[in-house]
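Participant: kindly generate the corresponding structure for this input.
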Amino acid sequence: MIHAELCLPTTDLRGDIAFFTKSLGMQMDMIYPADDPSVAVFSGHGVAVRLDAGLTASAGRMMIRTDDVAGFAAGETQLTSPGGTAVEITELHPPLVLPQTVHSFVVRRLADQAPWVIGRAGMHYRDLIPDRLGGSIIASHIRIPDGGPVPDMVHYHTVGFQLIFCYRGWVDLVYEDQGEPFRLHAGNCVIQPPEIRHRVLFASDNIEVIEIGVPAEHVTSIDHEMELPNGPANPTRVFQGQRFVHHKAEDATWAPFRVPGLQSRDTEIADHTQGVAGVHVVRLATGDVPWSHHASDILFTFVMEGRVTLEGEGRDPYMLEPGDAFVVPPGMRTRLVDASDDLELLEVSLPGVFSTTVG
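Facilitator: Numbers count the residues shown, from 1 in each chain. A predicted model of the protein is given here:
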């Protein structure tokens, strides 16, 4: 048997006994010595705390998360025990806050040697929108150089929208209520509805994906109880207004894009997110691509194949290659010129439907 305790100093053990038991609703499990107590142990709310009057340390801090903030500790949210411990009472499930977008024109080129950093489960991350538009979005180019089993756990994200687009290679995934594990191939994508449990199982060598998350800073939680796959499958389940989507390129049809001279395959993500976001794979059609501007709050584009020059009103042109990305703010006139025949772009918009003005 193993028992762990957090050790905190106290300057008033007698006062803390009443505070921890009555104000915080914890139980006292131990106290000693009997004639002049200097140590007491309390447990509750998933933690054990040892208060020690002889401990030389800075005052401790505790956070208690509850689904009834108003009903806990008489509604107080910032407390200090008689012995000096600071206690914060906060929401167990705080509401998701979507920051207001700070619009900017962003170009991120792979050739500029943007740093790769090692993130969750040993994966390499490259930031595609460094300023994150005021915290409204994060776009990451993620790679796993060496294939094989991925040291991942069943987890979920508290997000407004999340896209995983397989750029190179393949990866095996499993999702809550979506049946058996499946392989996500290059050119295909999934949206992960808010808080859907999932796990990355196995990856090919040199797998690369593009991951979009809204907002930029969001919580990832580990679910130690759920085992995947779970059953029975319920593929039409709605998670906070969104449905899981596994878009397969081979099942898609190409149609005229919102800008002349281009065509796209719609992933139908706008329909499954109730218009929260849209995702298109775009390639050349016939004719020149004209100047245009849009009314989308966020419009992100990643160059997957080929080469193209991005011209922006009042800006120097940018020659773009595979691995480059750009964000065009609403109202800014841009156009694509000198594109190679194999040009292929990934476009992500929030919202999913918006107006575009050509000319």
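Participant: could you use CA atoms for every contact and neighbour count after this?
Facilitator: Fine.
Participant: spatially central, which residue of this protein would that be?
Facilitator: With distances taken as Cα atoms, centre = their mean, Gly213 lies nearest the centre of the chain, 4.3 Å away.
Participant: give me the pLDDT value at that residue.
Facilitator: As predicted, Gly213 sits at a pLDDT of 97.
Participant: likewise for Ala121?
Facilitator: On the pLDDT scale, Ala121 gets 65.
Participant: how many neighbours does Cys7 have?
Facilitator: Residues contacting Cys7 under the criterion other Cα atoms under 10 Å number 16.
Participant: adjust the sequence numbering to begin at 50 for everything that follows.
Facilitator: Got it, first residue is 50 now, which makes that one Cys56.
Participant: quick check: it vs Ala97, distance?
Facilitator: To Ala97, Cys56 is 9 Å away according to Cα to Cα, to the nearest Å.
Participant: and what of His152?
Facilitator: 47 Å.
Participant: what's the answer for Ile186, then?
Facilitator: In terms of Cα to Cα, Ile186 sits 38 Å off from Ala97.
Participant: which residues sit against the strand or helix carrying Tyr216?
Facilitator: Take DSSP states H and E as the rule and Tyr216 turns out to sit in strand 210-217. Strand 210-217 has contacts (Cα atoms under 8 Å, 6 or more residues apart in numbering) with 233-243, 255-264, 325-326, 353.
Participant: ditto for stretch 117-133
Facilitator: Outside stretch 117-133, the residues touching it (Cα under 8 Å, 6+ apart) are 58-62, 64-65, 68-69, 72-73, 108-109, 115, 135-140.
Participant: thinking again about what came up before, which of Ile186 and Ala97 has more residues huddled nearby?
Facilitator: Ile186 (26 against 19).
Participant: could you find the closest non-adjacent residue to that one?
Facilitator: Ala265 (4.3 Å; Cα to Cα, 6 or more residues apart in numbering).
Participant: how close does that neighbour get to Arg217?
Facilitator: Separation of Ala265 from Arg217 (Cα to Cα): 24 Å.
Participant: OK, contacts around Arg314?
Facilitator: 301-304, 329-331.
Participant: 6 Å - rerun?
Facilitator: With contacts defined as Cα atoms under 6 Å, 6 or more residues apart in numbering, Arg314 is in contact with 302-303, 329-330.
Participant: now do the phi/psi pair for it.
Facilitator: When read as degrees, to the nearest 10, the backbone of Arg314 gives phi -110, psi 120.
Participant: try Asp300
Facilitator: Here is the backbone geometry of Asp300 (degrees, to the nearest 10): phi -100, psi 0.
Participant: gap between it and Leu392?
Facilitator: Asp300 is 20 Å from Leu392, by Cα to Cα.
Participant: between those two, which has more neighbouring residues?
Facilitator: Leu392 (17 against 8).
Participant: that one against Met353, yeah?
Facilitator: No: counting by Cα atoms under 6 Å, Leu392 sits too far from Met353 to count as a contact (7.7 Å).
Participant: please identify the buried residues of stretch 155-165?
Facilitator: Of all the residues in stretch 155-165, those buried under the rule 16 or more other Cα atoms under 10 Å are 155-158.
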